[in-house]
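Participant: Can you look at this prediction? I've put the sequence above it.
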Amino acid sequence: MANESTTTCIDILVAILLPPLGVFLKYGCKAEFWICLVLTLFGYLPGIIYAVYAITKN
C-alpha cells in the first residue's frame, strides 16, 4: 500500500505533465478541477502552478 506522501508525490508528477488530470485524481469533478482546466487552457504554466498548489494545500 502506498502511504499519503507517495500518493502526493505521484499526484504532483502527474500534475506537471497534465495539470487537470492531477487535480482530478485528487478532487474529482469539483471546482478545483474546473479552475485548473481553465488556467491550463489560458496557459500551461498557470495550470501547473495552480495544480501543484491545489494538491499540496492540505
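Facilitator: Nice, I can see it.
Participant: which regions of this structure sit below the pLDDT cut-off?
Facilitator: 1-2 (pLDDT under 70).
Participant: Work out the gap between the helix or strand residue 55 falls within and the centre of the chain.
Facilitator: Following DSSP states H and E, one finds residue 55 within helix 44-56. Offset of helix 44-56 from its chain centre (CA atoms, centre = their mean, to the nearest Å): 6 Å.
Participant: for it, packing partners?
Facilitator: Applying 3 or more CB pairs under 8 Å, 6 or more residues apart in numbering; DSSP states H and E, one finds that helix 44-56 contacts helix 4-17, helix 19-27, helix 31-42. Where you see a C-beta, it was placed from the backbone N, CA and C, and this is true even at glycine.
Participant: Reformat those helices as CSV; add mean neighbour count and distance to residue 48.
Facilitator: Listed next are the helices and strands packed on helix 44-56 as CSV, based on neighbours: other CB atoms under 10 Å; distance: least, CB to CB, whole Å:
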stretch, mean neighbour count, distance to residue 48
helix 4-17, 14, 6
helix 19-27, 21, 5
helix 31-42, 17, 8
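Participant: Out of the ones you listed, which is closest to residue 52?
Facilitator: helix 4-17 (5.7 Å; CB to CB).
Participant: roughly how far is the closest one from the heart of the chain?
Facilitator: For helix 4-17 - counting by CA atoms, centre = their mean - the centre lies 8 Å from the chain centre.
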